[in-house]
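Participant: here is my input; please provide its structure:
(2 chains)
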Amino acid sequence: MKPSIFGYQAPASIEEAISILAGDPDAVVLAGGQTLLPAMNFRAANPSTLVDIQHVADLRGIEVGTEIIVVKAMTRHREFELDAAVARVNPLVAEVMQHVAHVPIRNRGTVVGSLCHADPSAEMPLLLVLLGGSVIAQGPSGRREIAAEDFFQSFLTTARERDEIITEARFPVLPKAAGWAFDEVTRRHGDYAIAGVGCVLSLDDRGRASRVQLAACGIADTPVRLRDAENVLTGTVLDASDLDAAVAASTAAVTQPDEMHVSQTYRRRALGTLIRRMVTTAAQRATQMEIA
Amino acid sequence: MSTRQFGARVERNIDPKLLRGEGAFVDDIPLPDALHVAFLRSPHARARIVAIDTSAAKRYPGVAAIYTSDDIGALDVEMPLLIPHPSMKNPKTQRPLARGDVHYVGQTVAMVVAVDRYTAEDAAALIEVEYAPLPLEMDLTKALTDDAPLVHADVPNNLAAHFVQTSGNPDDAFARAEHVTRITVQVDRSTAAPMECRAVAARWDAVSGELTVWDGTQTPISVRGGLASVFELDEDKVRVIAPDVGGGFGQKVLLFYPDELLVPMAAMRLGRPVKYIEDRRENFLGSSQERTQIHTIELAALRTGEVIGLRDFFLHDTGAFIPYGIAVAQVASTSIAGPYRIPNILVEFKAVYTPTVQVTPYRGCGRPQACFAIERAMDQLAEELGLDRFEIRRRNLIEESQFPYAREGLLFADGLKVTLDSGRYGKALAMAAAELGAENFAAEQAKARAEGRYLGLGLACYVEGTGLGPYEGGHVKIHPITGKVYVNTGLSTQGQGHDTVFAQIVADQLGVSPQDVIVVEGDTKAFEWGVATFASRAAVVSGNAIHKTAIIVRNKVIEAAANMLDVDPDQIELRDSAAWVKGSNRFAPLAAIATASNPLRYAFNKAAQAATQFAPASKHDGPPLADGQAPGLEATDYYSPSRSTWAYGVHGAIIEVDPGLCTVKIRKYVCIHDCGNMINPMIVEGQVLGGIAQGIGGALYEHLDYQADGNLANASLMDFLVPYATEIPNVSILHLETPTPLNPLGVKGVGEAGCIAVGAVVASGVEDALRPFGALKFHQVPLSPNMISRALEAVGC
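Facilitator: Residues are numbered from 1 along each chain as shown, chains lettered A, B, ... in the order given. As a prediction, the model looks like this:
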């Protein structure tokens, strides 16, 4: 498990990094390296050159705005998880982060790296899709914004062109007084999800769901926004029959085929359970927010 | 007075070094100018090798040599069958490099030696092998059928061994039975996954003609003997050192792995040190595994719940080769009746070749499978007879007055009749019930169910034959200058804390602190007689050998001190690293006694001068050393157990199942165990807890995902689910100490104990938790969420 020969470049600017990528079709961006380096050791990835972006000052940091949290490409999971300003405007972030691998991996792995890897069982892509966020891709022909649901195209595949760098991810803050919840089922703590569900919802003054966002990971070849379930739940009081209907509306979203230890049926059971529990938790929190 | 060290919670001598990162594992041995090895391994489970072309690889810069089976001369033969047994008709062992056929994915086909591992892997990728794939069968049951594809062309039905043993009269028992229960259970393939994978380094000194091999093995002395034989060297010209080794769990007891022969060969041929560090993927593909067995067990019972007969038939997956003989299956078959009287037993097994890496003992060695079979059957019997699970066990346990309890007709892995020697089985069961709160559990369970939570109680008992022979030895010497005590023994350590428990044994005899006892193991130059670390035997066999030796040295010390202090020997007591005249302040330090026991011509330091202040260590008129007398204070002795000594225990747990997510949480885990006298309870607890953690892996997580084509889909620690600390609950470990009458220290082995019962406990608890959904059965481990989901689906939930 030793990598084959590769080159290494450490550009100081985004433009320099892009020009290296543009000039070498087999060059690959290195950020936290938590997925790429093991893949290289297995010789599953054999890049000609690693373009190490950790010295690019413009790619560091988190900017918390009134509507959007901007997470630059070199931001480590752990920075995002522990950022007090982020927690104030979007407490869901820290809740999701608990489930991302383990602390030593979160110390090095980056949020944007996880998005670019686009593992459909991973938490970060789900979070971006759930919140309706986006990424900024910068390439030789300039910058473009790509909405989360357009970015994740299929298993480990995104809309990023190979000479583009995702310079930042943009996570919306939670609506005022919204409730939130995330949980997942894994074999061991920190593993990729068999199924994971995130929920953000707001209640009107009569206790009805005025706005529901629901997304899942682990169930398809991308993270999935469960719009049918959202529509079923919107305007209801979120009682047991409403939840049953939402679960029924989500069944078809599970497209991941049977695997050795996870059948599609089991995944549907887990997804249904998580939808019920996450919507209920989010509604409770929304109620508490109202009271507060 | 010195405090007694035997039985004390002495901190482990080895820990400061390991925790500071100062351990020296094989890869840490500095070997300047060393070459490095990578193997080309078969991508096919069954195929014929049509052609191998190494020309491009040989031209790759940095490559020193490439070997195929054509290039290794006398080594190109089948490796040893370590434990022959008449039940094997045509036992197959592997060649170091495949010739003709390959028999599993990962089998070594070629070896590359290069300036570094990177280059070696690059070159291995350039070797071109043409394979003609052959049909194969991965399913154990189907592999035995007449038209199944064969792992070895000359072994019909893939049948590696067939063995039947009988105790009492099982036919009569089943004829008399008032109730018979029958279940089929399965335990799946797993692997030890030691933290350090295997590793071998070798240096050939052409001037002295000496071969030195550093090998992360559990059996350096056997490896030394084997290498001397293969390379036709004098045994004293071969030195094998097992330095610090990061876990073994049985995987490192097999000899030979191909690299253990080929790395020394390359070092001798190339005249440079050669190193092979197995990586994690190779450990999954090429190092021994265990566990797959399918048991069909029947219990013949009376209505009272008394089990009068047992029949067990099982299939044992031995992989593509059977170098360790039938040991795993034999241990399983002879442990099948557990701690129960069951006087009439029939056990029959078939060992089956499958196109997978060989199966050899992994911690537990067949016992977890046997325990799973008997304990799940006892649960079912209890249910069918309407008895409590504790009660049915209570009615069948061997009672204290019945020891020694022999199972006539069943031969254990040491070739001797199964004889359970001692224990308080009923007391252990009662302690488990009390610690679990079994009496109040039904109420707790009902309350939880009312809240929508599903709790279950899991229970299992186990026995473990430990301390197998044939023998181990010990050498104890008091150093003349420092007064420190040096101890050597022939087995090796993989982190268990041998050095501390052996030191405690010696410290009590010689009146020194355990920190002043330096134990050296795993180096054939330090001690060259002995066997290995396996079968929970180090404390039993080496421990008693060292104990016997320490007594001899103690007597020498007392005799010499009595002479020096001019008193009768019975006036001497040993404490604080000195010999004291009882009731006085007169003493002689051990260092001085050791020095005086070695007649010196030159007083080369203060200790030697001080020694001359005293009377000579021996009184005689003749030469400084009398006839038959040896200089110094040292001795060597051996211990050979008459038979295995049987440890036992009871495990129980409170388990919560989440039917919505099909997940299992262990809320409480209780272990009552008895390994006889404990030398160091802290180390015992560490062994037991580590075993339970590994058992939890086997119960819920660790499964080798072999595909139908023989490929292993999860050959990494990302996909093979070794439990993290987050998956291990707090475990309440309670000790019983029933000394065995079989050895002077009264100790039994404990290394494997923890893992044996866990699968049965977890399955039992999950079944109990899900009872409101119906009589769901869990007869297979590891027990995955998917299995729970399937069981719930089957009852329409």
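Participant: neighbours of residue 91, how many?
Facilitator: In the absence of a named chain, chain A is used. Neighbour count of residue A:91, defined by other CB atoms under 10 Å in any protein chain shown: 13. The C-beta positions use only the backbone N, C-alpha and C, and glycine is treated the same way.
Participant: oops, chain B please
Facilitator: When neighbours are counted by other CB under 10 Å, residue B:91 comes out with 21.
Participant: show me the contacts for it.
Facilitator: B:81, B:84, B:160-161, B:322, B:325 (CB atoms under 8 Å, 6 or more residues apart in numbering or on different chains).
Participant: for residue B:405, same thing?
Facilitator: B:341, B:398, B:419-420.
Participant: need the max-distance pair from the residues you listed.
Facilitator: B:341 and B:419 (13.7 Å; CB to CB).
Participant: CSV for the contacts of residue B:405, including neighbour count and secondary structure?
Facilitator: As requested, the contacts of residue B:405 are arranged in CSV below (neighbours: other CB atoms under 10 Å in any protein chain shown; DSSP: H, G, I helix; E, B strand; the rest coil):
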residue, neighbour count, secondary structure
B:341, 16, coil
B:398, 22, coil
B:419, 20, strand
B:420, 23, strand
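Participant: and chain A, which of the residues you listed contact it?
Facilitator: Near chain A, taking CB under 8 Å from any CB of the partner chain as the test, no member of these is found.
Participant: reformat those residues as TSV; add pLDDT.
Facilitator: Output for those, formatted as TSV (pLDDT from 0 to 100):
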residue	pLDDT
B:341	98
B:398	98
B:419	97
B:420	97
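Participant: which one of the residues you listed is nearest to chain A?
Facilitator: residue B:420 (37.2 Å; CB to the nearest CB).
Participant: tally of neighbours for residue B:86?
Facilitator: Neighbours of residue B:86 (other CB under 10 Å): 8.
Participant: may I have the predicted confidence score for it?
Facilitator: Looking at residue B:86, its pLDDT is 94.
Participant: swap in residue B:1?
Facilitator: Looking at residue B:1, the pLDDT reads 42.
Participant: also residue A:231?
Facilitator: Residue A:231 is given a pLDDT of 98.
Participant: got it, and residue B:624?
Facilitator: Looking at residue B:624, its pLDDT is 76.
Participant: list phi and psi for it.
Facilitator: Backbone geometry at residue B:624, expressed as degrees, to the nearest 10, gives phi -50, psi -40.
Participant: is it true that it touches residue B:600?
Facilitator: No - counting by CB atoms under 8 Å, residue B:624 does not reach residue B:600; the two are 9.1 Å apart.
Participant: and the residue in chain B that chain A sits nearest to, what does it touch?
Facilitator: Distance from chain A to each residue of chain B (CB to the nearest CB) is smallest for residue B:660, at 3.3 Å. Counting by CB under 8 Å, 6+ apart, residue B:660 touches A:269-270, A:272-273, A:276-277.
Participant: report how many residues lie close to residue B:19.
Facilitator: By other CB under 10 Å, the residues close to residue B:19 number 10.
Participant: kindly report the same for the one 3 residues further on.
Facilitator: Residues within reach of residue B:22, counting by other CB under 10 Å, total 10.
Participant: pLDDT score for it?
Facilitator: At residue B:22, pLDDT is 94.
Participant: same question for residue B:128.
Facilitator: Looking at residue B:128, the pLDDT reads 98.
Participant: next, give phi and psi for the closest residue to it other than its chain neighbours.
Facilitator: With sequence-adjacent residues excluded and distances taken as CB to CB, 6 or more residues apart in numbering or on different chains, residue B:128 is closest to residue B:53, at 4.3 Å. Reported as degrees, to the nearest 10, the phi and psi values for residue B:53 are phi -120, psi 110.
Participant: contacts only, for residue B:53.
Facilitator: Contacts of residue B:53 (CB under 8 Å, 6+ apart): B:127-129.
Participant: beta partners of residue B:473?
Facilitator: When bridges are called by DSSP bridges, residue B:473 pairs up with residue B:638.
Participant: what about it, neighbour count?
Facilitator: 24.
Participant: related to what we said a few turns ago, distance of the residue nearest to residue B:128 relative to residue B:412?
Facilitator: 50 Å (CB to CB, to the nearest Å).
Participant: do residue B:781 as well
Facilitator: Distance from residue B:781 to residue B:412, by CB to CB: 24 Å.
Participant: now do residue B:579
Facilitator: With CB to CB as the criterion, residue B:579 and residue B:412 are 44 Å apart.
Participant: have a look at these two and say which one is more surrounded.
Facilitator: residue B:579 (29 against 20).
Participant: show me what contacts that one?
Facilitator: Counted by CB under 8 Å, 6+ apart, residue B:579 has contacts B:511, B:557-558, B:561, B:564-565, B:572-573, B:587-588, B:590, B:593.
Participant: let's go with 10 Å and repeat that
Facilitator: B:510-511, B:554, B:557-558, B:560-562, B:564-565, B:567, B:569, B:571-573, B:586-590, B:592-593 (CB atoms under 10 Å, 6 or more residues apart in numbering or on different chains).
Participant: out of the residues you listed, which end up buried?
Facilitator: B:510-511, B:554, B:557-558, B:560-562, B:564-565, B:567, B:571-573, B:587-590, B:592-593 (16 or more other CB atoms under 10 Å in any protein chain shown).
Participant: work out for me the element residue B:448 sits within.
Facilitator: helix B:438-450 (DSSP states H and E).
Participant: and that helix, how far out from the chain middle?
Facilitator: 38 Å (CA atoms, centre = their mean, to the nearest Å).
Participant: would that helix count as contacting chain A?
Facilitator: No - with CB under 10 Å from any CB of the partner chain as the criterion, chain A is not reached by helix B:438-450; the gap is at least 17.6 Å.
Participant: helices or strands next to that helix in the packing?
Facilitator: Helices and strands touching helix B:438-450, by 3 or more CB pairs under 10 Å, 6 or more residues apart in numbering or on different chains; DSSP states H and E, are helix B:389-394, helix B:425-436, strand B:454-466, strand B:645-658, helix B:758-769.
Participant: how about the helices in the stretch 151-292 of chain A?
Facilitator: Secondary structure of the stretch 151-292 of chain A (DSSP state H, counting those that start in this stretch): helices at A:227-233, A:240-250, A:264-291.
Participant: ok, which of those comes nearest chain B?
Facilitator: Using CB to the nearest CB, the nearest of these to chain B is helix A:264-291, at 3.3 Å.
Participant: tell me the buried residues in the closest one?
Facilitator: A:266-283, A:285-286, A:289.
Participant: neighbour count and secondary structure added to the contacts of residue B:53, as TSV?
Facilitator: As requested, the contacts of residue B:53 are arranged in TSV below (neighbours: other CB under 10 Å; three-state DSSP):
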residue	neighbour count	secondary structure
B:127	20	coil
B:128	13	strand
B:129	20	strand
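Participant: just put those in TSV and tack on distance to residue B:647.
Facilitator: Below are these laid out as TSV (distance: CB to CB, whole Å):
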residue	distance to residue B:647
B:127	49
B:128	53
B:129	48
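Participant: returning to what we had before: now do the shared contacts for residue B:624 and residue B:600.
Facilitator: residue B:631.
Participant: contact residues of chain A facing chain B?
Facilitator: Taking CB under 10 Å from any CB, the part of chain A that reaches chain B is made up of A:1-5, A:38, A:41-43, A:102, A:183-192, A:194-195, A:258-263, A:265-274, A:276-277.
Participant: from those, which would you call buried?
Facilitator: A:2-3, A:41-42, A:183-187, A:190-192, A:194-195, A:261-263, A:266-274, A:276-277.
Participant: does residue A:202 touch residue A:238 like I think?
Facilitator: No - using CB atoms under 10 Å, residue A:202 is not in contact with residue A:238, being 11.7 Å away.
Participant: quick check: neighbours shared by the two?
Facilitator: Counting by CB under 10 Å, 6+ apart, the residues touching both residue A:202 and residue A:238 are A:208-209, A:212, A:282-283, A:286.
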